[in-house]
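S.K.: sequence and predicted structure below; questions after.
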Amino acid sequence: MASLTDPISTQNIVDRFADYVSATANSGISWGTNAYPFGEFDNPGLFGGSTGGKGIEINGTSIVNTPINASTIYSTLLAETARYTRIRNFRVTLDVSGAGGNNGSRPTPGTIFDQTAVSHMNTAYVLTTGYLEGAGASAGSVSTDQLISSANLEALFARLRSAYNAARSVSGGTYTTTVCHASCHTSCHSSRGRR
C-alpha cells in the first residue's frame, strides 16, 4: 500500500488512488477472458480482460500541472474510476432447447444455469463519469481555491471507491447461450456410438 507523502507527488497520488479503486475493482472477479461461466458459453467477446483485473491506465504525468491542479486531479481520477466500471455484475444463463437425446447431468430441457457474477466486461460496458458523480463521487474539498491536504485526497479516494462499488452492483445485462442438448458434443457423439 502506498501512503501520501510530504511533499506529495503526482505519482504518489496515483499510487494511493490505486489502493482504493484499482484494488477494489480487481478483487473477486469470477468471469473474464480466462474463465467462462460454463463450457458451452458462446460469446467470449463480451469479456474484455481476465479475472486478474484491469491495469491502471494513468500515472503521475496524467495529472501534472504546475502547480498541481485540483480540477485535473479530480477529473483524471474520476475518468480512471469510470474505466473500472466495466468490471461489474453480469448475468449469464444456459438454456437447453432439445426435447430429447439429452444425457448426462443435464437431461431436462429449460434453463439449467442462471447466475450473476462480477465479470471483466469489454469497454462497451463502461459507465459514464456522470453516473459516478450521481453515485456520490464529488470533488469535495479537492477543488479550486482549496488547500489540497492528504485528508482531503483520502476522502476523495473513498468517495470514488464508494461510487465504483455502487456501479459494480449494477447489472451489465443478461446473456443467454442456447444449446440443443445439455452437452451437444457428448450427446451427439454418444448417439453416433449407439447407431
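M.R.: In hand now; what should we look at? Numbering: from 1, shown residues only.

S.K.: can you pull out the strands in this structure?
M.R.: According to DSSP state E, the chain carries its strands in the segments 87-96, 110-120, 174-179.

S.K.: quick one: closest of these to Ala163.
M.R.: Ala163 sits nearest to strand 87-96 of all those, at 12.3 Å, using CB to CB. Yep, even glycine has a C-beta here, placed from its N, CA and C like the rest.

S.K.: roughly how far apart are Ala163 and Leu132?
M.R.: 4 Å (CB to CB, to the nearest Å).

S.K.: for the residue nearest in space to the middle of the chain, give me its contacts.
M.R.: Geometric centre of the chain, nearest residue: Ile87, 0.4 Å, by CA atoms, centre = their mean. By CB atoms under 8 Å, 6 or more residues apart in numbering, the contact set of Ile87 is 25-26, 29, 53-54, 118-121, 168.

S.K.: ok so, going back, shared neighbours of Ala163 and Leu132, anything?
M.R.: Shared contacts of Ala163 and Leu132, counting by CB under 8 Å, 6+ apart, come down to Thr81.

S.K.: and the nearest residue to Ala137 once chain neighbours are set aside, how far from Met121?
M.R.: Closest residue to Ala137 apart from its sequence neighbours, by CB to CB, 6 or more residues apart in numbering: Ala163 at 3.7 Å. From Ala163 over to Met121 the distance is 18 Å, taken as CB to CB.

S.K.: circling back to that earlier point, output the strands of the chain in CSV, with distance to Asn152 appended to each entry.
M.R.: Below are these laid out as CSV (distance: least, CB to CB, whole Å):
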stretch, distance to Asn152
strand 87-96, 27
strand 110-120, 30
strand 174-179, 40
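
S.K.: any idea which of those is most buried?
M.R.: Across the strands of the chain, averaging neighbours per residue (mean count of other CB atoms under 10 Å) puts strand 87-96 on top, at a mean of 21.

S.K.: give me the mean pLDDT for the longest helix belonging to the chain.
M.R.: Secondary structure of the chain read by DSSP state H shows that its longest helix is helix 150-168. Helix 150-168 comes out with an average pLDDT of 95.

S.K.: what residues does that helix touch?
M.R.: Taking CB under 8 Å, 6+ apart as the rule, helix 150-168 contacts 4, 6, 8, 13, 16-17, 19-21, 24-25, 73-74, 77-78, 81, 84-85, 87-89, 118, 127, 131-133, 135-142, 146.

S.K.: poorly predicted segments of the chain, please.
M.R.: Applying pLDDT under 70 to the chain picks out residues 1, 5, 66, 99-107, 181-195.

S.K.: switch the cut-off to 50
M.R.: Scanning the chain with the threshold set as pLDDT under 50 gives 185-187, 189-195.

S.K.: helices of that one, start to end?
M.R.: Counting by DSSP H, the helices of the chain are 10-25, 70-84, 129-134, 150-168, 184-194.

S.K.: which ones are touching Val170?
M.R.: Contacts of Val170 by CB under 8 Å, 6+ apart are 88-89, 127.
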